[in-house]
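Engineer: What would the 3D arrangement of this be:
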Amino acid sequence: MEYSKGNNWCLHEEGKREEASPGVERRVLAYCDELMCVENTFRAGAIGAMHHHPHTQITYVAGGRFRFTIGDVTKEVKAGDALLKQNDIIHGCECLEDGILVDFFTPMREDFVID
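Structural biologist: Reported below is the predicted structural model:
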């Protein structure tokens, strides 16, 4: 199974994994037109390049440590922390310790599921 649009059950081992950038693996989990959940596995030293998009995004730090910049503020975050990135705000991160970020987007990111 590559993607699970509209599926009620989205089993982790069936999700498609892809390299998002060097040291970052993305796995789209569950999604519908209005909402998307994505898991990002980072290796220490990997960079989530500064970018922005028209989607509101919440990031939950499931593991590891990261240095995040949102707008003009930079902070270190760790497992259990969450970040809100409203639409079009510039943001990015550096992974300080191997970790996992779980992102929620509204609406869903069509660019993540176009082959």
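
Engineer: Return the distance of the most centrally placed residue in the chain relative to Tyr31.
Structural biologist: By CA atoms, centre = their mean, the chain has its centre lying nearest to Asp103, at 3.9 Å. Asp103 sits 11 Å away from Tyr31, taking CB to CB, to the nearest Å as the criterion. Every residue, glycine included, has its C-beta placed from N, CA and C.

Engineer: residues bridging contact with those two, i.e. touching both?
Structural biologist: Both Asp103 and Tyr31 are contacted by Cys37, under the criterion CB atoms under 8 Å, 6 or more residues apart in numbering.

Engineer: any idea whether the residue nearest to the centre of the chain is helix, strand or coil?
Structural biologist: strand (DSSP: H, G, I helix; E, B strand; the rest coil).

Engineer: Tell me if I'm right that it and Gln57 touch.
Structural biologist: Yes: in this structure, Asp103 is within contact of Gln57 by CB atoms under 8 Å, at 5.8 Å.
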